[in-house]
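> Sequence and predicted structure, then a few things I'm wondering about:
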Amino acid sequence: MCSAQWYRATSTSAGCVSVAQSQTAVGWAGSSNNDQLYQTTNGGQSWSSRAAYTNPYDICHVWGPGTNYIWVVGSGGRCSNTTDNGATWYVRNTGVTFDLYGVSSPTNNPGIAYICGNMERILKSTNYGQSWITQWLQSGVVLNDIYAMSPSVVWACGSLNGGSYVISTTDGGTTWLSRATGSYGACTGLKPLSASFCYAVTDQGYMVTINGSNTEWIHVSDATALYQCWSNSSGQVYACGLNSNGGAVYKYLSGGSWVTQSLIPTTSSNMNDICFGSGSTNGVVVGGGGMYYTTNGGGIPCVEENTSNSGSDVPLFEVRPSLINSGVARIWLHSHECSEIPIAVYDCDGHLVDVIKVKNSELTPWRGCDKNGQKLSAGVYFLRASLSQRIETRKIVVVW
């Protein structure tokens, strides 16, 4: 059964580095390509540029604790915020010239904000950014992300002397405690669920689960780098980043395994940020490949037989024969929109087993093997291709 998918948004912008959804439908995104802010009011299906935003710089992070309250930080210590849903923007003087990578404000108290970056410190404001104090100093630390669950409970992550590093406070920043360290790359994003439980990901494709004093590091599927993670209202865990085939979205399955939900067919199209609206399975992911959305949690990828969402009489791709019996199936790409697309191969449980790069106007062979070249077990498999908002699936049977 095809449970859910990610779709490319209309009016999309490449190069987005951050996204924030304050409600089911309302969200904001920032692009480093043109130093521009974008807003959606329909759950990420379309985006519009916000011309009222007049403080252009290299945007690094966008945070939306509520519909009216949005924070933006970026290069050179720059910070801006709005308290009226973007009608008026205020340029805030942080007192530093370091690059700022993260900003966060608790939903129930948007006047309090925390900022982190390439500055070996954390800044805090209690008056909507009108003034800032240095709250924490640590030599050798770069903090890439920060998350304020409440005025007193805050988590942050990054690197300490090149290693993985996660810290937290439960007293509003008077005391910060080290929660996780390791040699798994720099921590790039995190999503806490309580004062004692948090997920964080690294630029080497790892996720750490912190539960009290216990930590567990797991390499996520075929990820080469991860940049953010999220857990939605249903308790489902996601991560986004990059693998050898391009940008990717991952979802955690029971039993400790991960499934690749979506591939963005450009090798440089890393996906930088992911989030879900409050109390919702409506999600948005953004990155070098543009903006994508889901309306039902992303789910396990489509595994229906011979499906298409385009309504076109011309299929995106064909597979012949649809049964491999000690032979070879050949794949033909019909679309002329691109020269090559990746076709993901899933088993009946929705696990990604292989990715086939199919070039236009060429017959591409597939011999029923996984991504390591090993023969797959006999059974039913599904080949899935996506291009723009078009998604098609073909069934193939392997018999040895």
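Here it is on my side, so go on.
> so Thr188 touches Cys229, yeah?
No: judged on C-beta atoms under 8 Å, Thr188 makes no contact with Cys229 at a distance of 9.2 Å. All C-beta spots, glycine's among them, are computed from the backbone N, C-alpha and C.
> Give the residues shared as contacts by those two.
Common contacts of Thr188 and Cys229, defined by C-beta atoms under 8 Å, 6 or more residues apart in numbering, comprise Val201.
> Mind pulling up the pLDDT for the residue nearest to Tyr69 when sequence neighbours are not counted?
Nearest non-adjacent residue to Tyr69, counting by C-beta to C-beta, 6 or more residues apart in numbering: Pro110, 3.9 Å away. pLDDT for Pro110: 90.
> Just list the residues touching Pro110, thanks.
So Pro110 contacts Pro65, Gly66, Tyr69, Thr83, Tyr128 (C-beta under 8 Å, 6+ apart).
> and the second one, what element?
Spelled out, that is Gly66. Taking DSSP states H and E as the definition, one finds Gly66 inside no helix or strand.
> I figured it hits Gly111, correct?
No: if you go by C-beta under 8 Å, Gly66 and Gly111 don't touch, sitting 11.1 Å apart.
> burial count for Gly162?
Using other C-beta atoms under 10 Å, Gly162 has 11 neighbouring residues.
> Next: Asp99.
Asp99: 18 neighbours (other C-beta under 10 Å).
> surely Thr393 meets Phe382?
Yes: assessed by C-beta under 8 Å, Thr393 is found in contact with Phe382 at 5.4 Å.
> Where in the protein is the helix or strand with the lowest mean pLDDT?
One helix or strand of the chain scores below all others by mean pLDDT, DSSP states H and E: strand 307-308, with a mean of 53.
> low-confidence ranges in the stretch 51-200 of the chain?
Scanning the stretch 51-200 of the chain for pLDDT under 70 picks out the ranges 51-57.
> Try it again at 90.
Within the stretch 51-200 of the chain, the ranges that satisfy pLDDT under 90 run 51-59, 64-68, 85-89, 107-108, 136-137.
> Which residue ranges of it form strands?
Counting by DSSP state E, counting those that start in this stretch, the stretch 51-200 of the chain has strands at residues 59-63, 70-74, 78-82, 90-93, 100-104, 113-117, 121-125, 133-137, 141-148, 154-160, 163-169, 177-182, 187-192, 197-202.
> Same list, those, but as CSV with mean neighbour count please.
What follows is the strands of the stretch 51-200 of the chain, written out as CSV (neighbours: other C-beta atoms under 10 Å):
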stretch, mean neighbour count
strand 59-63, 25
strand 70-74, 28
strand 78-82, 23
strand 90-93, 15
strand 100-104, 26
strand 113-117, 29
strand 121-125, 22
strand 133-137, 15
strand 141-148, 25
strand 154-160, 26
strand 163-169, 23
strand 177-182, 16
strand 187-192, 26
strand 197-202, 26
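> thought Cys240 was touching Leu226?
Yes: counting by C-beta under 8 Å, Cys240 does reach Leu226; the two are 7.0 Å apart.
> who touches both of the two?
Residues touching both Cys240 and Leu226 (C-beta under 8 Å, 6+ apart) are Tyr250.
> Please report how far Val286 lies from Pro110.
Here the criterion is C-beta to C-beta, to the nearest Å. By it, Val286 lies 22 Å from Pro110.
> contacting residues around the residue nearest to Cys79 when sequence neighbours are not counted?
In space, and not counting its chain neighbours, Cys79 is closest to Arg92: 4.3 Å by C-beta to C-beta, 6+ apart. Taking C-beta under 8 Å, 6+ apart, we find Arg92 in contact with Cys79, Ser80, Asn81, Ser125, Gly129, Gln130, Trp132.
> thinking Lys359 is in contact with Pro342, fair?
No: Lys359 is not in contact with Pro342 according to C-beta under 8 Å; the separation is 10.9 Å.
> neighbour count winner among these two?
Comparing Lys359 with Pro342 by other C-beta under 10 Å, the one with more neighbours is Pro342, at 20 against 13.
> which element is the more buried one on?
strand 340-346.
> residues making contact with that strand?
245-246, 260, 263, 265, 301, 303, 317, 331, 333, 335, 352-360, 366, 381-387.
> Can you flag the buried ones in those residues?
245-246, 260, 263, 265, 301, 303, 317, 331, 333, 335, 352-356, 358, 366, 381-387 (16 or more other C-beta atoms under 10 Å).
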